[in-house]
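Participant: With the input below, show me the fold.
(chains A and B)
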2 protein chains.
Amino acid sequence: MELLLQVLVTMAVLFALARFGAIIVTKCGLPGLIGEIIVGIIIANIAGGAFLHDFLGIVIEDPIAGTDSSDVYKVIYTLSELGVMFLLFTVGLETKVSDLLGSGKPAFLTALLGVILPFVAGVALILALGTYDFNNAMFLGAAMVATSVGITARIIKDMQLMDTKESRIIIAAAVIDDVLGMVVLAIVKGISASGGGIDVVEVLIVVIKAVIFVIGAILIAKYVVPKVYTYFDEKKQARIKAGKVPYTFNKLIFAIIVCLSMAAIAEFIGLAAIIGAFLAGMMFANYAWEWELDHKVEAITTFLISFFFVNVGLQVNINSLTDLSVLVLAAIVIVLALVTKYIGCGVGAKIGDKTVDKQSFNIIGVGMMPRGEVGIIIASIGLSSGVLSENLYAVVVLMSVMTTIIAPPILSKLFRKKYEQEYTIVPEDQI
Amino acid sequence: MELLLQVLVTMAVLFALARFGAIIVTKCGLPGLIGEIIVGIIIANIAGGAFLHDFLGIVIEDPIAGTDSSDVYKVIYTLSELGVMFLLFTVGLETKVSDLLGSGKPAFLTALLGVILPFVAGVALILALGTYDFNNAMFLGAAMVATSVGITARIIKDMQLMDTKESRIIIAAAVIDDVLGMVVLAIVKGISASGGGIDVVEVLIVVIKAVIFVIGAILIAKYVVPKVYTYFDEKKQARIKAGKVPYTFNKLIFAIIVCLSMAAIAEFIGLAAIIGAFLAGMMFANYAWEWELDHKVEAITTFLISFFFVNVGLQVNINSLTDLSVLVLAAIVIVLALVTKYIGCGVGAKIGDKTVDKQSFNIIGVGMMPRGEVGIIIASIGLSSGVLSENLYAVVVLMSVMTTIIAPPILSKLFRKKYEQEYTIVPEDQI
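Facilitator: Numbering: from 1, shown residues only, chains lettered A, B, ... in the order given. From the prediction side, this is the model:
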């Protein structure tokens, strides 16, 4: 069978199965990505999946460098990585620098404490165990840092509570959290690449690299992008004046070139490709809507991202999860992930805004709990660079899935309790 | 360098160069894809390109099966093939079955004669030469069939002459031409795969396969897709009634699954993947606008298609074009391609509609000349399945490029001559 046919069949089957899994879990009120991950786990591990596994010709083995993988798997792997890149590009598109800087003390403190506490707790836990090395501890800590803004934002949107104080703090904090998460990832990846251990000079170099990269992106966003905007706008007006149909995809092409370049540069200087993509998105955040970048990039992401989550599942070795010690560790990590976010974010909000009462504390603490895709992305970077052990990878996937399952229903209840009166839905056709 | 970094760097550089090439040729009034092809030719063949070639790690060799290609090239190749698939999906989205059936006699005859004449002329020419076998002749003939609706439509739109008789005939005929082109491709590919030679049984089997596939697609479009539409619409209304934000990407995901599946099936039964993608697009044509499929799929295509045209250039061996006999052949093929389309389409229109005068004859004949991407796509299928010789591949690329360069300025002049009065552009802001 030639490569193209193999790839097409694999993509069609994986895509359809991923969608099937997503629909099933969505019916149970869970985010679709969990279904996609489960589909991957089934294909890779479970009896019925063996046939599919062989049929699809996917060779799952040592993910490090993946030198022996089949051609089809290499293609699917690359598509999935491009998917994550575009996902972070989309997240960046929603992150305006001005909003970030002006998001206020409560949101900033919520994010900051919500990053520090889980990270320190995660690193300390793994080091205390003594079974894993420092790099493993760092990656697990980093994976515990990230808050998935997507999942919480969806609940808030669905409940139409965008205008509450808690929602504003959560959304802003989750966005800052993304940026801090990227910084933590940059540092962790840089240190692990330099052979591990805490060499102060190495750490400094990584931090400097990351800071220069981030500042460079912000400067470009501020001084270069507006000029590009004017350029495109003038060309568009010129075409309209000449009675011609304006091009509508030039800006998308330009944005993709910047995204690919930033991702390549980030990867090249030892940060992660997704950091570059995220910053590239931030550069265009002010024009995302006017240029219709958000919808167009989201279409590309939609096409590619399912392969990532299925691939996350493919790499989970179910044997790790039948090992009692790993399961116990996973349980501890999950509890720690929930508690540290809850306390860190709640306390941060309280310090930043004295009017935050017990109810608001709960809402913010719980709203920041879901790790969603971001924790998994960080873990998969750790796995593919050969730093994170297979067992800890499985633990992170489980932690991300469980925090994402546990938090939303509690959040809905807390919101409903506080805003019982406001939360009477008026269907659109009855307004 | 790990695979992801290599792929990112290659994609960023190729994408940026492709864009650069496209901008340069667009400034000269040519379609962007010509610039992208030239970029590919330069990278693969010309002195300055050698460095880029090595730098990008692209290994261009025997394209048959491509077994020895580098991993990066395999990924880029797959992306480019997916790009063509989505391109034909987009073309299909613009091809409503109802428009097709109701497009009237003039358009149908224009398309039919415009397909038969070039095909017969192309096959006869190559067979008369005696240098190439029957399969080569068939593929060259098939590549001469296709009309690129995109390029002519762009000119018509830019001149705001959508409502003229000639424009309507050209657009409708170009669409029918696409369908007929797919049928010709199916037959040619089927015959060549069966070892060549005109075995009546083999030809019949291919024709039957193609017909069943096309009819199946039309039946699904007619009976299944409307039900799916209702299903999605009810779900959307239910979410809105429940006060929730409706999902906006479910339909895109569904359409992509169908597109991938149809492409895989087409490839599997010996037709080409693009035929499946085209038919999948046709299935959704009635809902493309309402479901916002056109813009979303176009975004995905925009991301992927540049790699295809650069790859087209990469596979052109410039040595073929320094061979005088090949150049002479190319010149003959170009003249034949122009003349047969002009006469075939003009006569077809005239037979179908007696009111077609000399001026209309010229406009329609010239408007159908550009082969654009479709001829190239067919040739690249011939090349990658090892049927079309490298020399004839270069001839087809040259023919496609030249017909695409030659026709538009003539068409503009002819239109301007006939519609001098109507063609006074009123800028939007002065209306």
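Participant: So residue A:304 sits against residue A:82, correct?
Facilitator: Yes. The pair residue A:304 / residue A:82 is scored as a contact, 5.4 Å apart, by CB atoms under 8 Å. (Each C-beta comes from the backbone N, C-alpha and C, glycine too.)
Participant: Tally up the residues packed near residue A:327, please.
Facilitator: Each residue near residue A:327 was counted by other CB atoms under 10 Å in any protein chain shown, and the total is 15.
Participant: residue contacts, it?
Facilitator: residue A:321 (CB atoms under 8 Å, 6 or more residues apart in numbering or on different chains).
Participant: doesn't residue A:33 make contact with residue A:309?
Facilitator: Yes. Assessed by CB under 8 Å, residue A:309 is found in contact with residue A:33 at 4.8 Å.
Participant: Mind listing the shared neighbours of the two?
Facilitator: Joint contacts of residue A:309 and residue A:33 (CB under 8 Å, 6+ apart) are residue A:373.
Participant: On the three-state scheme, the closest residue to residue A:409 other than its chain neighbours is what?
Facilitator: Nearest non-adjacent residue to residue A:409, counting by CB to CB, 6 or more residues apart in numbering or on different chains: residue A:29, 7.2 Å away. When classified by DSSP: H, G, I helix; E, B strand; the rest coil, residue A:29 comes out as coil.
Participant: quick one: residue A:29 from residue A:404, how far?
Facilitator: Distance from residue A:29 to residue A:404, counting by CB to CB, to the nearest Å: 11 Å.
Participant: who's in contact with the closest residue to residue A:21 other than its chain neighbours?
Facilitator: Closest residue in space to residue A:21, ignoring its immediate chain neighbours: residue A:35 at 3.3 Å, by CB to CB, 6+ apart. Contacts for residue A:35 (CB under 8 Å, 6+ apart) come out as A:18, A:20, A:21, A:22, A:23, A:24, A:25, A:26.
Participant: Identify each buried residue in stretch A:271-278, please.
Facilitator: Neighbour counts using 16 or more other CB atoms under 10 Å in any protein chain shown place A:271, A:272, A:273, A:274, A:275, A:276, A:277, A:278 of stretch A:271-278 among the buried residues.
Participant: How far off centre is it?
Facilitator: Here stretch A:271-278 shows a centroid-to-chain-centroid distance of 11 Å under the convention CA atoms, centre = their mean, to the nearest Å.
Participant: per-residue confidence averaged over it?
Facilitator: Mean pLDDT, computed over stretch A:271-278, is 85.
Participant: is chain B contacted by that stretch?
Facilitator: Yes. Using CB under 8 Å from any CB of the partner chain, stretch A:271-278 comes into contact with chain B via residue A:273.
Participant: Tell me which residues are up against that stretch.
Facilitator: With CB under 8 Å, 6+ apart, stretch A:271-278 has contacts from A:81, A:84-86, A:88-89, A:91-92, A:95, A:178, A:182, A:185-186, A:189-190, A:209-210, A:213, A:259, A:261-267, A:377, A:381, B:4-5, B:8.
Participant: Once you drop chain neighbours, what's closest to the residue of the stretch 51-200 of chain A found nearest chain B?
Facilitator: Using CB to the nearest CB, the single residue of the stretch 51-200 of chain A nearest to chain B is residue A:158, 4.4 Å away. Nearest-residue entry for residue A:158: residue B:244, 4.4 Å, with adjacent residues in sequence omitted and distances by CB to CB, 6+ apart.
Participant: So the residue nearest the centre of chain A: helix, strand or coil?
Facilitator: Taking CA atoms, centre = their mean, the centroid of chain A lies closest to residue A:374, which sits 2.7 Å from it. Using three-state DSSP, the structure places residue A:374 in helix.
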